[in-house]
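Engineer: using only what follows, build the 3D model:
(one chain, ligands or ions: 1)
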Amino acid sequence: MSREDSSYEVIIIGGGPAGLTAGLYTSRTRLNSLLIERGLIGGQIANAEWVENYPGFPEGISGFDLGELMHQQATKYGLKTLIAEATGIELQEGQKIVKTTEGNFTAKAVIIASGSERRKLGIPGEDEFTGKGVSYCATCDAAFFREQPVAVVGGGDAAITEALHLAKFASKVTVIHRRNQLRASRILQEKAFSEPKINFLWDTIPEKIEGEDIVKRIGLHQVKTGENLALEIGGIFVSIGLKPDTDFLKGTLTLDDTGHVITNEKMETEVPGILAAGDIRHNSARQAIAAAGDGATAAIYAEKFLTDF
Ligand SMILES: Cc1cc2nc3c(=O)[nH]c(=O)nc-3n(C[C@H](O)[C@H](O)[C@H](O)COP(=O)(O)OP(=O)(O)OC[C@H]3O[C@@H](n4cnc5c(N)ncnc54)[C@H](O)[C@@H]3O)c2cc1C
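Structural biologist: Numbering: from 1, shown residues only. Next up, the predicted model:
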């Protein structure tokens, strides 16, 4: 990107449903807009095998295709995309300087839509074996574990969705959950309980991951009995929740105690001209359609901010 391309009316950070919808709206109203994405266009939804609750697709749609279509639609109206990581935002005389791994970019308004990333277990062996049997995305990696026993750590919607997906490939799926019941929705629980390949280890927490070149076993602790055990497995899928991607905003915006950005109903933050949309927001519904709705709202109020600028 040349130097004359470094100044925009709106910069959007994050290419998930919130950022892509914001980009569609800002570009369509002819605002010179840049979307900055550090990884896969589509964000988290690109990892969803099949999305059945995004309106307009009665038969459902693959999450990857949904992200691609959103990007195509926004690009058609002139949204530019830069693959880079935003590392900070500086405020300078009404302008916002977005610092990235590919240089600095200036805008009058910024929409933050940087979503969430998976939480880690924080146990010995996790980092060492990431990509060598430890995964955070069953949709991405399940096929590598054909006919092998695997474990899923977690008990919410995402963990059970991952377990059901893995059951199509693995020989056996053990769900390891620290409580004695799942948090996942009833419909997912019913599906998991009736899947013969899925079994459950309740009240159990992982303590260490061991192997040689690849994962061989997970060391577990049963909290009720105090017993330690080891499970021989080929893969471990960690699905214990999400962490908002807001580290780069520290010092620019006040975050809530879970690291989410606080906005009003117009998606405005405490800094005029900086808006936030999607999973990154305090109390977001953490769904693709909600993120898209936030993105549209943020774009509309970013435009209003620029009109009054
Ligand atoms: C496996 C899975 C299945 C799901 N299934 C469904 C479903 O069926 N229906 C549904 O409604 N929801 C589903 N969800 C939830 C849905 O995907 C999210 O609610 C939605 O994607 C949130 O959108 P977002 O744009 O706010 O954030 P994200 O989708 O998290 O996108 C944020 C983007 O910002 C990028 N980013 C972060 N930090 C930076 C930075 N510093 N610089 C540049 N880029 C950055 C990230 O790489 C990411 O692409 C699922 C999620 C997962 C993980």
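Engineer: in the helix or strand bottoming out on mean pLDDT in the chain, which residues are buried?
Structural biologist: Of all helical and strand segments in the chain, the minimum by mean pLDDT, DSSP states H and E falls on helix 138-141, at a mean of 81. Of the residues in helix 138-141, Ala138, Thr139, Asp141 count as buried by neighbour count, 16 or more other C-beta atoms under 10 Å. (Each C-beta comes from the backbone N, C-alpha and C, glycine too.)
Engineer: pipe those residues into JSON lines and attach distance to the ligand per row.
Structural biologist: Output for the buried residues of helix 138-141, formatted as JSON lines (distance: C-beta to the nearest ligand atom, whole Å):
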{"residue": "Ala138", "distance to the ligand": "7"}
{"residue": "Thr139", "distance to the ligand": "6"}
{"residue": "Asp141", "distance to the ligand": "12"}
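Engineer: in the stretch 151-300 of the chain, which residue sits nearest the ligand?
Structural biologist: Residue of the stretch 151-300 of the chain nearest the ligand, by C-beta to the nearest ligand atom: Gly278 (2.1 Å).
Engineer: for that residue, which non-adjacent residue is spatially closest?
Structural biologist: Ranked by C-beta to C-beta, 6 or more residues apart in numbering and with sequence neighbours excluded, the top spatial neighbour of Gly278 is Ala18, at 2.8 Å.
Engineer: pLDDT wise, what is the one you found at?
Structural biologist: Looking at Ala18, its pLDDT stands at 98.
Engineer: equivalent analysis for Met1, please.
Structural biologist: 55.
Engineer: what does the least confident helix or strand of the chain rub up against?
Structural biologist: Identification of contacts with helix 138-141 by C-beta atoms under 8 Å, 6 or more residues apart in numbering yields 47-49, 63, 135, 152, 161-163, 165-166, 235, 237, 239.
Engineer: re the thing from before, which other helices and strands does the helix or strand where the residue nearest to Gly278 lies contact?
Structural biologist: Secondary structure assigned from DSSP states H and E places Ala18 in helix 17-28. Under the contact definition 3 or more C-beta pairs under 8 Å, 6 or more residues apart in numbering; DSSP states H and E, helix 17-28 sits against strand 7-13, strand 33-37, helix 63-76, strand 103-112, helix 288-308.
Engineer: mind checking which of those is nearest Thr258?
Structural biologist: The closest of the helices and strands packed on helix 17-28 to Thr258 is strand 103-112. By C-beta to C-beta, the value is 15.7 Å.
Engineer: could the helices and strands packed on helix 17-28 go into CSV alongside mean pLDDT, mean neighbour count and distance to Ile262?
Structural biologist: Formatted as CSV, the helices and strands packed on helix 17-28 follow (pLDDT from 0 to 100; neighbours: other C-beta atoms under 10 Å; distance: least, C-beta to C-beta, whole Å):
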stretch, mean pLDDT, mean neighbour count, distance to Ile262
strand 7-13, 97, 25, 17
strand 33-37, 98, 26, 22
helix 63-76, 97, 19, 26
strand 103-112, 97, 23, 12
helix 288-308, 97, 21, 13
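Engineer: which one of these lies nearest to Gly251?
Structural biologist: strand 103-112 (13.9 Å).
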